[in-house]
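S.K.: Based on what follows, work out the 3D shape:
(chains A and B)
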Amino acid sequence: MKNAVYIDILKKDSRTRARRGRLHTPHGTIETPVFMPVGTQATVKAMRPEEVKDMGAEIILSNTYHLYLRPGDNIVKEAGGLHKFMNWDRAILTDSGGFQVFSLGKLRKISEEGVKFRSYLDGSPHMLTPEKSIEIQNNLGADIIMAFDECAPYPADRNYVKNSLERTTRWLKRCRDFHKDVERQSLFGIMQGGMYIDLRKQSAEEIVDLDLPGYAIGGLSVGEPREIMYEVLNEAADFLPQDKPRYVMGVGTPDHLFQGVEFGIDMFDCVLPTRLARNGAAMISTGRINIKNQKFERDFTPLDHECDCYTCRNYSRAYLRHLYKSNEILSSMLLSEHNLHFLVNMMKNIRQAIEEDRFLEYKREFYNKYEDYSKLL
RNA sequence: GUGGGUGUCGUCAAGUGGUUAAGACCCAGGGUUGUGGCUCCUGUAUUCGAGAGUUCGAAUCUCUCCAUCCACC
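M.R.: Now for the predicted structure:
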């Protein structure tokens, strides 16, 4: 029996744990390390699939929780699966709904069985269990499906985190037992353990034991200081197997991506680039800028001089500011395209740097230009 | 020219004698990390068309002027 998804490691950096690989899925090969754009509701907001494809994205993320509530996973299945429904023929990863359990806070109740919650759409009561999450994800048909986990908040006391992680392991076993067609979709396990290194180790040992096709590190970037996140990520990455893809969930600032790659992470996803775009912020090679600022009123130069994306090739900062201030839809489209391109391209450069064994040089080069992070060196 | 109305932040406006003049929009700045986000937070009138007066105290009352709107000549 062959797993739907597996990774080939092509090259390892000689001075760090950074690795360059190739992730094989039923919907194509993905060059790693990779940044995955997020398309929660079966669409990368403000983007047409062709545009996402053209900028070089090979895999996107979508969401169990949202698609279950609307339009309903049965409808997606009837449409012929998520790929066909949304006109995206490359790889897809679906999140399990575990994170929504965490982020929807007040509307939920967690038990051993699963999570009771109320729909954010109409208040109707629902129950998400490991089995239900997998059933939904089977209907959606993504290449990679995620375990139904519990993401502990920050800060959280040790006892809570330990109980939570152990329950996540028990839930993972139920996910694995329920998921049958492993040649069509691969189930990834998720490590928890909060900011406690020994609990991270415990969680890793428990889930690695199940020999799944891939593993994620969850529960990071939930409000903890940057240094703590780095420290936990640094240690946690080493607890995962070398020959399986490693995925850090929900991380998306350039420094986090560099740091993750350096620690041996292969996959990342984040809403940040598209959300920032819709709110008028752009990620560019010199740092982050707010296109709504008055100083761009008469700035007729492109967003980023070093960028060759569609937006930067054709439009000025002044025009983008005008679109944002005028509340025009094109503002979200153009800025989303740029921000996504920025991260996807950055990962492409990282991959090339690893191949040429100059990852650290590229990192330094990038940080030196990026004003927010250059001071970290 | 006559009669009447109106003049409070860039705009639309609350407020009709009592301490530091609502709110909305606009504007300015900031936030955003497995998306409940075309969103959220913060800031911006020592001043109420101008001047004088009444009063312990006025955006609120009186007078003059100015501006503007509506009727009628």
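S.K.: Neighbouring strands - and their directions - for the helix or strand containing residue A:20?
M.R.: Per DSSP states H and E, residue A:20 falls inside strand A:19-25. Applying DSSP bridges, strand A:19-25 is found paired with strand A:6-12 (antiparallel), strand A:28-32 (antiparallel).
S.K.: highest average neighbour count across these?
M.R.: strand A:28-32 (a mean of 20; mean count of other Cβ atoms under 10 Å). Every C-beta, even on glycine, is put in place using the N, C-alpha and C of the backbone.
S.K.: Now do the strands in the stretch 251-377 of chain A.
M.R.: Taking DSSP state E, counting those that start in this stretch as the test, the strands found in the stretch 251-377 of chain A are A:267-270, A:281-284, A:287-290.
S.K.: I would like the residues contacting the strand holding residue A:20, please.
M.R.: A:4-13, A:29-34, A:59, A:91, A:143-144, A:186, A:245, A:264, A:266-267, A:351, A:354-355 (Cβ atoms under 8 Å, 6 or more residues apart in numbering).
S.K.: Residue A:33 and residue A:97, how far apart?
M.R.: According to Cβ to Cβ, to the nearest Å, residue A:33 and residue A:97 sit 26 Å apart.
S.K.: Serialize the strands of the stretch 251-377 of chain A to TSV and add fields for mean pLDDT and mean neighbour count.
M.R.: As requested, the strands of the stretch 251-377 of chain A are exported to TSV (pLDDT from 0 to 100; neighbours: other Cβ atoms under 10 Å):
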stretch	mean pLDDT	mean neighbour count
strand A:267-270	98	23
strand A:281-284	97	22
strand A:287-290	94	15
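S.K.: Turn the ones you listed into a markdown table, including distance to residue A:334.
M.R.: Below are the strands of the stretch 251-377 of chain A laid out as a markdown table (distance: least, Cβ to Cβ, whole Å):
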| stretch | distance to residue A:334 |
| --- | --- |
| strand A:267-270 | 20 |
| strand A:281-284 | 10 |
| strand A:287-290 | 14 |
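S.K.: The strands paired with strand A:19-25: which one's closest to residue A:181?
M.R.: Closest to residue A:181 of those is strand A:6-12 (Cβ to Cβ; 15.7 Å).
S.K.: average pLDDT for the closest one?
M.R.: What strand A:6-12 shows for mean pLDDT is 98.
S.K.: How far off centre is it?
M.R.: From the chain centre to the centre of strand A:6-12 is a distance of 20 Å (Cα atoms, centre = their mean, to the nearest Å).
S.K.: tell me the mean pLDDT over the longest helix anywhere in chain A?
M.R.: The helix that spans the most residues within chain A, counting by DSSP state H, is helix A:329-355. The average pLDDT within helix A:329-355 is 98.
S.K.: What residues sit buried inside that helix?
M.R.: For helix A:329-355, the neighbour count (16 or more other Cβ atoms under 10 Å) marks A:331-347, A:350-351, A:353-354 as buried.
S.K.: first to last residue in stretch A:136-154, what's the distance?
M.R.: Criterion Cα to Cα, to the nearest Å; first-to-last residue distance in stretch A:136-154 is 29 Å.
S.K.: And RNA strand B, is that stretch touching that?
M.R.: Yes. Judged by Cβ under 7 Å from any atom of the strand, stretch A:136-154 and RNA strand B are in contact via A:146, A:147, A:149, A:151.
S.K.: Including distance to RNA strand B, could the strands of the stretch 251-377 of chain A go into JSON lines?
M.R.: Formatted as JSON lines, the strands of the stretch 251-377 of chain A follow (distance: least, Cβ to the nearest atom of the strand, whole Å):
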{"stretch": "strand A:267-270", "distance to RNA strand B": "5"}
{"stretch": "strand A:281-284", "distance to RNA strand B": "4"}
{"stretch": "strand A:287-290", "distance to RNA strand B": "4"}
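S.K.: any idea which helix or strand of chain A has the worst average confidence?
M.R.: Using mean pLDDT, DSSP states H and E, helix A:371-374 stands out as the lowest-scoring helix or strand of chain A, at a mean of 66.
S.K.: tally of neighbours for residue A:103?
M.R.: 12 (other Cβ atoms under 10 Å).
S.K.: can you check residue A:170 too?
M.R.: Residues near residue A:170, counting by other Cβ under 10 Å: 12.
S.K.: got the contact list for it?
M.R.: Residue A:170 sits next to residue A:112 when contact means Cβ under 8 Å, 6+ apart.
S.K.: Work out for me the element it sits within.
M.R.: Assessed by DSSP H and E, residue A:170 sits inside helix A:158-178.
S.K.: Would you mind putting the CA coordinates of that helix into CSV?
M.R.: Extracted C-alpha coordinates of helix A:158-178, given in CSV (Å, rounded to 0.1, in the frame of the first residue of the first chain):
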residue,chain,number,x,y,z
ARG,A,158,1.4,22.9,32.1
ASN,A,159,-1.3,20.6,33.4
TYR,A,160,-3.8,21.9,30.9
VAL,A,161,-1.4,21.6,28.0
LYS,A,162,-0.4,18.1,29.0
ASN,A,163,-4.0,16.9,29.2
SER,A,164,-4.8,18.6,25.9
LEU,A,165,-1.9,17.1,24.1
GLU,A,166,-2.7,13.6,25.4
ARG,A,167,-6.3,14.0,24.2
THR,A,168,-5.0,15.2,20.8
THR,A,169,-3.0,12.0,20.6
ARG,A,170,-6.1,9.9,21.4
TRP,A,171,-8.0,11.9,18.8
LEU,A,172,-5.3,11.3,16.3
LYS,A,173,-5.6,7.5,16.7
ARG,A,174,-9.3,7.8,16.1
CYS,A,175,-8.6,9.9,13.0
ARG,A,176,-6.2,7.3,11.7
ASP,A,177,-8.6,4.4,12.4
PHE,A,178,-11.4,6.2,10.6
